[in-house]
Each structure stands twice: as C-alpha cells, then as structure tokens.
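Engineer: build me a model:
(2 chains)
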Amino acid sequence: MATQVPQVVSSRVQTAVTVKPIWQRIWQMRLAYAFLIPAFIFLILFEYWPAFLAMKEAFYDWDGFRINNFIGLANFRELWNDAVFRKSLVNILIIFLFYLTIPFLMPIIIAEAIFNLASERAQKFWRVFLLVPAIVPSLVTLLLWQYLYNPVDGFLNTLLVAWGQQPQLWLSSPDSALWAYMLIGFPWASGTSMLIYFAGLQNIPQDVIDASRLDGAGTWTRIRKIDLPLLMGQIRLFAILTVIETFQRYVSVLILTDGGPANATIVPGLHLFHKAFSGNRLGYASAIGLVMFAFILALTLINQVLLKNPDTESRTQAVV
Amino acid sequence: MDDSRSSFELTNGLLPQMTRRRFLGFTVAGACSALLAACGGGAAETPAPAATKSGGAQVVFVTPTAGSTSSSAAGSASPAASGSAATPAASTAASTPVTKAALKGKITIGRQPASPLSNGKDDPGNLIFQELIDRYVKDHPGVSIEWLRVPGASFDELTAWVKTRQAAKNVPTIVGSHATTTSSQEATKTSPWISMSPYLAQPSAYTGKPWKQDFSEDALAYIQSSLNELYSVTLTAYKATYLYNKNLWKKAGLTEADEPKTWPQFYAVLDKLKNAGIIPMARTGDAFALSHVYNVTVASISRKAWLEMSGGKMFASDQTRYSALCSGKWKMDVDWNRKSAETTKKLFSYFPPGSTTLKAADIEQLYLTQKAALWQGTPANQGQTILRRIDEAKAEGLESFEVGAFPTPQPDAETFGEELAKNAAPIADDGERGLQYMVASPDLRMDTDPGVEAVAIDFLQWMTTPEIQAVYVKPSYDLPINPAVKLEDPRLQLFYKNPTQLFPTYFYYGNRPDWIPNFQAYLLGQKDIEAYIKDQQAEIYAYAQKVIRESKLDIACP
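Structural biologist: I've put the predicted structure just below:
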C-alpha cells in the first residue's frame, strides 16, 4: 500500500500536466511564440491572405483595379465552356502522363546504376557529372533548347539537313510543338532527384544487402525486393512533386512558345496568366486557379492512396 | 516538449538582460521594419511626385517607339548611328530655347526607358532624353523635372504601372504612353487627362508660331482622334515601309524597276525571292507582327463599311463603334474581313519557316545576316532599330548591305475584287495606327494645377521645336514629329515614299492573346476561314464587353 500512494500522486500530476489549458501552455511558451509572431504575420499576409483572396475573387468579376462585382458561379460556368481551358487540360494531362514515364524513371535508373558501381571514385565522378547541369539556370537551358529547335538555322535542323533529311518545324508546328516541348530536358538524367534517390539507396543498411546476397538474390531481385520498397518514400515524394510541378507549370511554355502556335502548347497556368495579365480578368483567372488547386489536391490524394501499399509498408518496416 | 522547453530556457539564459517589455518592443519593431521593407522598398527610389500631391495637371505624351521592342535595342550607338540623322531646317533655325526664369514648378515624367545595351551601357536614346531634360532645366532655373523610369518595356507593364499610380492618386505630370489613350474615357466624360487643344492655336513659346505647326498635319489629326482634342503629344512620327536588301534583290534577278506597285507584282517579287532560296520576308508570326500585317489591309479596304457605321466620320467614338458592333451593324463575316485574312495568310507563306515561335531578335538576325530580303517597319521599331544595326555592322567592318524601299501597294481589283478596291482608303504601312491603345481609368479625375500645367506645356512645346526634335531623334533613327526637321540620312527619306497616313479606323480585334491562337490556327491550316471568323466574332464580343464595362458605356452587348 505504501508504494501505491506515490503512484497515484504521480499519475494525477501527469494528468494535470497533460490537461493544462491551451492558453496556459501558450503563456508558458510566450517567448517562443513571440519569436514566431512575425513569421506568422508574414505567412498570413503574404501566403494565406492572397490565397484566400484568390478563392474569394473566383466568384467575382474582378479586373484587379476598379471592377469587383459578385457574380456567383458565372466564372465557373464560363470556364466549363472555355475551349482553350479544355485544350490546356488535355495538354497538361499528356505532359503529366509523359513525365510519369521516362522522365520519372530515369533518375531512379541512373541512381541505381551509380549505386551499383564498384568504384567509389567512379560513383563520385558520375554524381558530380550528372549534377552539374542542374546548376545551370533553367532559363539558360530553355534558351539553349530554343536554339536547338530554331526552325531556320537551329542545331537539330542543321543535323537533319546534313543527313539529307527534311528540316522540321519543332516548336513552330501545331503537330509537333507539344512533343518538342516535352522532349526538353532529355535525357532527364541529371538533377537533385537522382541525388535524393541515390542518398536513399545509400541509406539501405549494408547488412540487409549482404543478407540478400547470402540468400542468393541477384542484382535485379535485390532492386525489386529491397531497393524499390525502401525507396518508396522518395518515390512518393517525387510523384507528388511531379503532380504539383506539372500542373502549375507555365513559365517554360511562356518563354518558348507562349502557348502557341494556335494554342498547341497552352497549359492551364499559362491560360490563367493570359487571362489575368493580358486580359485583366483576375476574377476569371482566380476561378482557373481554384479549379487547378482542386485538381492538384485530388491528384495528390489519389497519388497518396495508390502509392500507399500496406504490403510494401509492412515489409519495409520489417526490413528496417 | 521537454526538448523545446530546454531550448527555450537556453535562449532565455543567453538573454539575461532583456526584459519582457524590451523584447516585445524589439519584436514589434522588427516586424514593422520588415513589413515596411517588404511593402515600401521602392519608395525611396521613386519618391512621390510633388505635382500629384497638389493634384497636378495630367498630360500624356506619346512615344510610338516604346510600343515596340525598339526600346530593347541592343548594340551601341556607332559614330554613324549618332551622326547626322536629322537637323532642323534652315527656315526654323531661329527657334532657340530661351531662358525663362519666371517659369516655376516641378514636373515628373513617368516613362519607360529603353533597355540597356548588350554591353550594359545605357541606351543612347535614354541618355539624350536625360540630356534634354537637363538642358531644359538649365534654361529654366525655376523648373525641376524628375524622370521616373517606369519598369519594363511593354505596353502592358506601362499600363499596370499607370493604373497603380492612378489608384494611389500619384500619377506623374506627364506619362509616356504608347499612343492615344483617352477616347473611351472621354466618352464617359471622366478622363483624368487634360486637353491641350487650346494651346494648339496659340503661339509656341519657342517658335512664335501656332504650336500646331510643330506637328505634321495627319499625325495631329490622328492623335486628336474622334474627339478632336489633344490629350497626347507625339514626339516622333510613325511611318513604316518595306525595306529591301539590295544584294538579295540583285541575287534574285530583281532591279530597282521591280519595286512592286501592285499586289500581283508584289507577289511576283516575293515568289522570285523564294525561288532564289531567300526568305522573302523577315517577320515573326507573333501577335504584334501579324496584327500589323493584317491591319495594313483591313484598315484600307474596310473604309466603306467604316464610313457607313460612323456616319461619314473618319474617327468614331467608342460609343458609336461599340454600339455598331453590339447591334450587329458591324460584323466580321464580311468581304473585307475575309479578304484581309486571306491576304495575310498569303503573305504569311513568305515569312520564315516556323515564324510563329521566332522572336524579334531571330528575324532581325535573318535580315542582318542577309538570309531574309524584306524588313517591314519603321526606321526605329517594329522589331529593333534596324538602320542603326546596319550601321553598327558597317562600322565594325562586317559585311553590310544597302537598302531600298517600297510601300505596300494599294488594293487592286485583281487581288481584292472590284468593289473593295474601288472603295479602299489609301493604304498606309502603319497598320498599328488603326489600333487603339488605351489607359482606361474613367473613375478618376485629377484636379489641374495651372502652375504645373504651364510648365508641362512649356516643356512639351520645347521638345517639339525643330532644334530639339533634331537632337531627340538622332540616336534612335526615329522620324521627327515636326515636319520642319530636315532628314539628312537619305535612308530616312525612304520611309516617306508612301505619303499617305493610314485611314485611321479603330479596328476591333479583341484581346490579342485570344485572337492570335485563332488566327494562327487559320494561317497554319488548322481552321478554315469560316471557323476563324466565327471565333473572331466571339472574341471581339468578349473584348467589347470588357471595354464597355471598364469604360462604363451604356451599351448592351451579346
């Protein structure tokens, strides 16, 4: 009995600590919160407030200056019938599906290839070699591709003519522009994604790899049964980032084609940009933004569900 | 929780002298400073103009070159470039600036500077403008002028800047615009700009003659627009032509006698160039270039329809134009619109391959490297400062070439049909004249300040004198607005081969980012003309609704 009293007291104290009112806990941590206040203020002012404003203005006829009339769902009704928006959605879905294939797999393949190199010096060399292009500003890369694709005297057409082939219009033809745009970045081997996959592979405990070898697993089996399941966190991250990045992209299209020719490369982000800043229809542009937000959110959630394989998770946990 | 508490205690321990009050004070001050830095960082660079504090006079001057990419001209001003493009005519040599100590006040000028040169130096056009401001201030000790350099080089950027300033009631005394700006605003009688018309008949303070004599008559008619009021002062004339490379012309077996006078001759010349392996026309297929080519013909052959719509007037107010459009009196499914589209499509076939994605710099290179034969534009814009570039190449010992010029032929019966040709207005190469640029701000009306207005008018009259005009246009190769300035560079005379200014319809073309994909689809064979015209009509209605809303016109539009 004598030993029970302190236990009761202890549990009561513990309960008292855990149920302390929130304002008391805030007061207790007042200095820390005071440090955080400027960050909160700026976050609300520059992140949440504009986003909230955009959501609100999606229901307004707003020119960003003087006109700001509530019009209910009129912007969304117009959007439903907007042929350019539909075309932009089709284009972005094609781009997205393409990016989920070779451009998505290539960094994993390259990371695996480097990881399986026997020499550490060779590994270092290839890591640096493949990372260097990622340091080049993306604008420079785009301008280089623009030169490669120049229909009059670009590098690709010069090569084709030298080989006795007909020059192509690349970005300038409605038939080839979208494919030419998607090929930019070829061979999609460099960049931080490859490094992150490589780091993921390096994190796999050596004893797990050794055990697989002892069990007679070859390289291909090891990649399938160990590497890929243990890389699932990174793969999920990049799948989500690919969704977000692809559906928000417009700058590269703006620079290379401005959505042309004849809307062949129009994407929702650029359509939004045109409506907002060339047409002064910020309310309509906000409606496009809101729809795209819902679209990206839905795709991200679907992505999460699809990539959340319980078997994989349990196996991963078991291995770790 | 424990971890965070211990780090909190550690932090607290490191700051033993800081009281709670002092800490909160620092935090609030820091937040306020950061907020001010984020929101008002530019304030120090562009202080609020004094004129607007007192509700200063608002005048607009128009620099047509700024509308194009001439402002982004790279390359340096070679001796040839900055040489003797123009001088005042002997007849007006007596017009010299005078010192006016009595004139007092401060004016601000909001104007987009030309982009820096490729070597990082300021564009000679900027330098000369600043020099002229300094010279004016020196001659007028009581006056101070501040040039607010508006960021960007495009019309959209300028419009956004002006709108923001208007919202803040902080518009400069003089705003560098791209063309006339006020007809919609005047239609609702709420223009923020003041009319300078009363000054036109009065003697200029510098020439002693009526100020209107410092402008070419047709340009003045154009900038006064439907209201016949002067809201903007143009400093440069805007005349375009087809400049051809004489080397390539010869290579294609053409002589000076082949300069086309008719459309069949024009097409024959273009075919000869193409067959000789030369790109006939250095043009991009972007919105600016295509709308220009399109409007050159459309403004001419739509004359009859225009006069019927406007009640016989060359200029029509927005109320008249949009009423006609929205009532169906003015529509796109008509012969002249079809013919203009077809003509543009034909000319488009002579553009460089893939022209829809070529940039102005690309086609400039095609022309300067003698791959393309024809350059359509003004001496100082429609792409880049082409004559200056040719002179720079020559000064650097690079292969150069001489240029000839011819204007766009007048529409003829063979190409356009008898009815359209008979009623066509005299064609002019300046298609952009037909487009209305507008800084729409009908909600604002600035109070005028007679003192500031006097200074602004005096400065503008000084800028349009022959002597100052000659200095102003030198580095840019622009054409002076004052007809009394003698052009010494013979190539500048080439731009006057077509004496006609445009029949200045304010054509409806909708919003270019909407129109251009539709038009490109037609030009590239993705749409037939019926589909193009149907979509064009819809775009124009959409654009009209926007203008009507913004300008608060009382018109119901479908």
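
Engineer: got the residues of the stretch 451-558 of chain B near chain A?
Structural biologist: Taking CB under 8 Å from any CB of the partner chain as the contact definition, the stretch 451-558 of chain B meets chain A at B:511-514, B:516-518, B:520-521, B:524, B:526-527, B:546, B:549-550. The C-beta positions use only the backbone N, C-alpha and C, and glycine is treated the same way.

Engineer: what about A:P137, neighbour count?
Structural biologist: 8 (other CB atoms under 10 Å in any protein chain shown).

Engineer: need phi/psi at it.
Structural biologist: The phi/psi pair for A:P137 (degrees, to the nearest 10) reads phi -60, psi 140.

Engineer: check it and give its pLDDT.
Structural biologist: Here the pLDDT value assigned to A:P137 is 89.

Engineer: do a quick rundown of the helices in the stretch 401-550 of chain B.
Structural biologist: Counting by DSSP state H, counting those that start in this stretch, the stretch 401-550 of chain B has these helices, from start to end: B:413-416, B:418-423, B:450-463, B:466-473, B:490-493, B:512-523, B:529-551.

Engineer: if I pick B:T255, what's in contact with it?
Structural biologist: Contacts for B:T255 (CB atoms under 8 Å, 6 or more residues apart in numbering or on different chains) come out as B:W249.

Engineer: measure it to B:V269 for me?
Structural biologist: Here B:T255 is placed at a distance of 11 Å from B:V269 (CB to CB, to the nearest Å).

Engineer: now swap in A:T300 and tell me
Structural biologist: Counting by CB to CB, the gap from A:T300 to B:V269 is 59 Å.

Engineer: more neighbours: the two, which one.
Structural biologist: Neighbours of A:T300 and B:V269, each counted by other CB under 10 Å, are more numerous for B:V269; the result is 23 against 16.

Engineer: how close does the more buried one sit to B:L103?
Structural biologist: From B:V269 to B:L103 the distance is 55 Å (CB to CB).

Engineer: cool, and A:N81?
Structural biologist: 59 Å.

Engineer: these two: which has the busier surroundings?
Structural biologist: Between A:N81 and B:L103, B:L103 has the larger neighbour count (other CB under 10 Å), namely 17 against 8.

Engineer: what about that one, which SS state?
Structural biologist: Recorded secondary structure, B:L103: coil (DSSP: H, G, I helix; E, B strand; the rest coil).

Engineer: so what's A:P187 closest to, chain neighbours aside?
Structural biologist: Closest residue to A:P187 apart from its sequence neighbours, by CB to CB, 6 or more residues apart in numbering or on different chains: A:M106 at 6.5 Å.

Engineer: got the contact list for that neighbour?
Structural biologist: Contacts of A:M106 (CB under 8 Å, 6+ apart): A:P187, A:W188, A:A189.

Engineer: list the contacts of the last one.
Structural biologist: Translated: A:A189. A:M106, A:P107, A:I110, A:L130.

Engineer: and of those residues, the nearest to chain B?
Structural biologist: A:M106 (26.9 Å; CB to the nearest CB).

Engineer: neighbours around the residue in the stretch 151-300 of chain B positioned nearest to chain A, how many?
Structural biologist: Closest to chain A within the stretch 151-300 of chain B is B:K163: 5.3 Å, counting by CB to the nearest CB. B:K163 has 20 neighbours, counted by other CB under 10 Å.

Engineer: ok, A:E112 to chain B distance?
Structural biologist: Separation of A:E112 from chain B (CB to the nearest CB, to the nearest Å) stands at 37 Å.

Engineer: that residue touches A:Q202, doesn't it?
Structural biologist: No - between A:E112 and A:Q202 there is no contact under CB atoms under 8 Å: 11.8 Å.

Engineer: helices or strands up against the helix or strand that A:D210 is a member of?
Structural biologist: Element membership for A:D210 (DSSP states H and E) is helix A:206-214. Packing partners of helix A:206-214 (3 or more CB pairs under 8 Å, 6 or more residues apart in numbering or on different chains; DSSP states H and E): helix A:219-222.

Engineer: pLDDT of the helix or strand that comes right after the helix it packs on, averaged?
Structural biologist: Following helix A:219-222 in sequence order, the next helix or strand is helix A:228-230 (DSSP H and E). Regarding helix A:228-230, the rounded mean pLDDT is 92.

Engineer: just the C-alphas of the helix or strand following helix A:228-230, formatted as CSV.
Structural biologist: Next along the chain after helix A:228-230, taking DSSP H and E as the criterion, comes helix A:232-248. The C-alpha trace of helix A:232-248 is given here as CSV (Å, rounded to 0.1, in the frame of the first residue of the first chain):
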residue,chain,number,x,y,z
MET,A,232,9.1,4.2,-51.8
GLY,A,233,9.2,7.3,-49.5
GLN,A,234,11.3,9.2,-52.1
ILE,A,235,9.3,7.9,-55.0
ARG,A,236,6.1,9.0,-53.3
LEU,A,237,7.6,12.4,-52.7
PHE,A,238,8.6,12.9,-56.3
ALA,A,239,5.3,11.6,-57.6
ILE,A,240,3.6,14.3,-55.5
LEU,A,241,6.1,16.9,-56.6
THR,A,242,5.7,15.9,-60.2
VAL,A,243,1.9,16.4,-59.9
ILE,A,244,2.2,19.8,-58.3
GLU,A,245,5.1,21.0,-60.5
THR,A,246,3.5,19.7,-63.8
PHE,A,247,0.1,21.2,-63.2
GLN,A,248,1.5,24.5,-62.1
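
Engineer: quick revisit: mind putting the contacts of A:A189 into a markdown table with pLDDT, distance to A:R25 and secondary structure?
Structural biologist: Formatted as a markdown table, these follow (pLDDT from 0 to 100; distance: CB to CB, whole Å; DSSP: H, G, I helix; E, B strand; the rest coil):
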| residue | pLDDT | distance to A:R25 | secondary structure |
| --- | --- | --- | --- |
| A:M106 | 93 | 49 | helix |
| A:P107 | 93 | 44 | helix |
| A:I110 | 93 | 48 | helix |
| A:L130 | 88 | 48 | helix |
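
Engineer: of all those residues, which comes closest to A:L237?
Structural biologist: A:P107 (12.1 Å; CB to CB).

Engineer: where is pLDDT lowest across the residues of the stretch 451-558 of chain B next to chain A?
Structural biologist: Among these, B:N511 has the weakest pLDDT, 64.

Engineer: surely B:Y367 and B:L387 touch.
Structural biologist: No - taking contacts as CB under 8 Å, B:Y367 lies outside contact range of B:L387: 11.4 Å.

Engineer: neighbour count for the two, which is higher?
Structural biologist: More crowded of B:Y367 and B:L387, by other CB under 10 Å: B:Y367, with 29 against 24.

Engineer: who in the stretch 151-300 of chain B is up against chain A?
Structural biologist: So far as CB under 8 Å from any CB goes, the stretch 151-300 of chain B lies against chain A at B:D156, B:A160, B:K163, B:A167, B:I279, B:G285, B:D286.

Engineer: if I look at the closest residue to chain A within chain B, how far off is A:L169?
Structural biologist: Residue nearest to chain A within chain B (CB to the nearest CB): B:G354, separated by 2.7 Å. Distance, B:G354 to A:L169, using CB to CB: 5 Å.

Engineer: tell me the residues that contact both of those two, please.
Structural biologist: A:P151.

Engineer: neighbour count winner among those two?
Structural biologist: In this view B:G354 and A:L169 are compared by other CB under 10 Å, and B:G354 has more residues nearby, 25 against 21.
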